[in-house]
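Visitor: sequence and predicted structure are below.
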Amino acid sequence: MENSPISVTLLFLICKVTLGAKPHPLSDEYISQLNAKQSLWMAGSNFEFNNDPKMWSYVKKMAGGTLIHRQSNRSTRSNLRMTGSYDIKVTDIPEMFDAREKWPNCTSIGQVWDQGACGSSWAIAAVSAMSDRICIHSNFTDRPILSPEDLMSCCTDCRYGCDGGYPFAAWEYWFTNGITTGGAYNSTGGCKAYTNQPCGHTKSSTLTLCSTLEPACIPNCQRTCDAHSEVNVDSYDETLYFGFEPYENLYCDTTQSCIEQLKYEIMTNGPVEATFDVYADFLSYKGGIYSTVDLSEFVSSTSAKLIGWGIENNQSYWLGVNSWNTEWGENGLFKFLMLQPFQMLESKIVAAMPNFARSKMDSRPRNNAFKIKNARLRVFSFLIILKIVWLARFCI
């Protein structure tokens, strides 16, 4: 006897009642289940849950945005590997490390960005680590904040702006085209400020609720500075910073050597950009050492900045800076269990060194060099005018 539509519906309802419907990833019930399953980290409400599909849509966009597995245009990419590039000993690596403590003058290291209603983690993590490295390798004399807005709007190879981009392409763009300065929303200290306003994730926030905002977008590429900026509107070229060719930890294996290489890179050259898969439980992270306990709800891939590592209760972790504002996690930061088999953060790392010789501005010699260059141009122009006036005498 064939099953009728009615019997199939009844069977579905019976199974649903028997097994219980899975709670929504933002609900209190789901958060309680997470806390009951493990004790490494604490889950809590980071996002408003009111069965509003707009909020869930916003959260998924914000938590995603990172595209992976893009092939480079350069055939040399396979030779640019972070892994194996350092001859180090285990004793060279401290048990705990925090880049904020080693380089306290570089305040950008601890800066927590707010993406707003935009999937821009790939760009923010990139320019944030670039800014840190400029500060570190200029011996703290040059401390710009690079512009995610410039990167997102002008890097066509990076792809889709607020709808996702490739981290490696972002670092390639720094190498080939340079990135200008520019801080957070409505800031005026740099050339191009971030145009997506900060927004709150819960009703208790003092910020506008993210789900009430229109979907974010990035304007067309403009190679000029903001009209409201303290930087001259025509100074775009003079505010560009460049990096050397990027290198990565792509497909790093799970050996201790691989971990040591990454640690040494961070403690020697500064923070790096890391990409990892986001499962629904990560959204509710409040503190502790995060390790996924629910693989059934994959959300997307995201990027963050790694600034150190540590160990608690015999569990080793990475210390990361997210860009979901300070309402999330440990004031915007998180601890991520090392070598999680389903997320493999260690295998998707990218970084590069700053190239001061190509960068247009620097508070050290480059500012003076730029002024000298302008002065020489003015003198040269004056001499040309004098010569033209002198020659004109013979034409009369």
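Guide: Arrived safely, thanks for sending. Residues are numbered from 1 along each chain as shown.

Visitor: mind listing the strands for the stretch 151-300 of the chain?
Guide: Chain-ordered strands for the stretch 151-300 of the chain, with DSSP state E, counting those that start in this stretch as the definition, fall at 242-243, 247-248, 272-279, 285-290, 298-312.

Visitor: OK, contacts around the residue positioned nearest the centre of the chain?
Guide: Taking Cα atoms, centre = their mean, the centroid of the chain lies closest to A125, which sits 1.4 Å from it. Each residue near A125 by Cβ atoms under 8 Å, 6 or more residues apart in numbering is listed here: 167, 273-274, 303-305, 323. Yep, even glycine has a C-beta here, placed from its N, CA and C like the rest.

Visitor: then Y194?
Guide: Residues in contact with Y194 (Cβ under 8 Å, 6+ apart) are 113, 116, 147-149, 182-185, 187.

Visitor: restricted to buried residues, select those in PyMOL.
Guide: Selection of the buried residues among those in PyMOL, burial being defined by 16 or more other Cβ atoms under 10 Å:
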select buried, resi 113+116+147+148+149+182+183+184+187
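
Visitor: need the contacts of Y194 in CSV (columns: distance to G243 and pLDDT).
Guide: Shown next, in CSV, are the contacts of Y194 (distance: Cβ to Cβ, whole Å; pLDDT from 0 to 100):
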residue, distance to G243, pLDDT
W113, 19, 97
G116, 26, 90
S147, 14, 97
P148, 15, 96
E149, 18, 96
G182, 16, 96
G183, 19, 92
A184, 22, 94
Y185, 25, 94
S187, 22, 94
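
Visitor: would you confirm that S121 contacts S303?
Guide: Yes. Counting by Cβ atoms under 8 Å, S121 touches S303, with 4.5 Å between them.

Visitor: any shared contact partners between those two?
Guide: A shared contact of S121 and S303, defined by Cβ under 8 Å, 6+ apart, is any residue touching both; here these are 65-66.

Visitor: what is the neighbour count of F168?
Guide: 29 (other Cβ atoms under 10 Å).

Visitor: now it: closest residue in space that isn't a chain neighbour?
Guide: V350 (5.2 Å; Cβ to Cβ, 6 or more residues apart in numbering).

Visitor: what residues are up against that neighbour?
Guide: Each residue near V350 by Cβ under 8 Å, 6+ apart is listed here: 126, 167-168, 171, 246-249, 272-273, 275.

Visitor: can you tell me the closest non-neighbouring residue to Y317?
Guide: K335 (4.2 Å).

Visitor: ok, that neighbour - contacts?
Guide: Going by Cβ under 8 Å, 6+ apart, K335 touches 41, 288-290, 310, 312, 317-320.

Visitor: is it in a helix, a strand, or coil?
Guide: strand (DSSP: H, G, I helix; E, B strand; the rest coil).

Visitor: next: T91.
Guide: T91, by the three-state scheme (three-state DSSP), is helix.

Visitor: dump the contacts of V350 to CSV, plus distance to I218.
Guide: Listed next are the contacts of V350 as CSV, based on distance: Cβ to Cβ, whole Å:
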residue, distance to I218
A126, 15
P167, 17
F168, 19
W171, 19
P246, 22
Y247, 27
E248, 25
N249, 28
V272, 24
E273, 19
T275, 20
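
Visitor: so for the residues you listed, which is the shakiest by pLDDT?
Guide: For the contacts of V350, the minimum pLDDT belongs to N249; the value there is 76.

Visitor: ok, for that one, nearest residue in space, not its chain neighbours?
Guide: Taking Cβ to Cβ, 6+ apart, and ignoring the residues beside it in sequence, N249 has I349 as its nearest neighbour in space, at 3.7 Å.
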